[in-house]
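Trainee: Return atomic coordinates for the entry below.
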Amino acid sequence: MVTTVERVPMERELQVVRVRCHGGGSLDEHVALMRDLGEDPVLAPGAAVLLDLRDAMFVLNVGDAERLAGLLADDRVLGAHRVALVVQSGAHYGMARMVCTLAELRGGDASAFSDERAALSWLQAAREARPE
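Mentor: As a prediction, this is how the structure comes out:
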């Protein structure tokens, strides 16, 4: 699995860290990526995260969804950040939505998208609604 992490410039000082996953990879590799990101200094407090999984060749099952949802809700990993998952439409979107719903039930703030522009708009809207 090849992964790149980059900052995405946004208006109104919203910091978004984009993670792009390409190719295959096991669930354990994706879990390690998320744990590493949670500890990475590039992920400042309050930063939003866009996980771009459109080019990933990883197929989730229900058990995987539970495990990933836990990471999205865990404050030591990504639970302290708003996270947008961008995936291919169809079955991938359905599984990503399941992950986000399970994360939300555990206190996480995540949503699934098949369009990157919509994901960035959702991340921006959260910033604008946040009290200063």
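Trainee: quick check, residue 69 in a helix?
Mentor: Yes: per DSSP: H, G, I helix; E, B strand; the rest coil, residue 69 lies within a helix segment.
Trainee: So what's the residue count around it?
Mentor: 21 (other Cβ atoms under 10 Å). Heads up, the C-betas are built off the backbone N, CA and C, glycines and all.
Trainee: Does residue 57 touch residue 26 like I think?
Mentor: No: the pair residue 57 / residue 26 is not scored as a contact, 11.0 Å apart, by Cβ atoms under 8 Å.
Trainee: Identify the residue spatially nearest to residue 115, adjacent ones excluded.
Mentor: Once flanking residues are discounted, residue 115 sits nearest to residue 86: 7.4 Å by Cβ to Cβ, 6 or more residues apart in numbering.
Trainee: Identify the residues contacting that neighbour.
Mentor: 50-54, 113-116, 119 (Cβ atoms under 8 Å, 6 or more residues apart in numbering).
Trainee: swap the cut-off to 10 Å and go again
Mentor: Contacts for residue 86 were tallied using Cβ atoms under 10 Å, 6 or more residues apart in numbering; they are 18, 20, 50-54, 93, 96, 112-120.
Trainee: Check residue 119 too.
Mentor: Each residue near residue 119 by Cβ under 10 Å, 6+ apart is listed here: 16, 18, 48, 50-52, 83-87, 111-113.
Trainee: And residue 106, by the same measure?
Mentor: So residue 106 contacts 66, 69-70, 72-74, 79 (Cβ under 10 Å, 6+ apart).
Trainee: All set, thanks.
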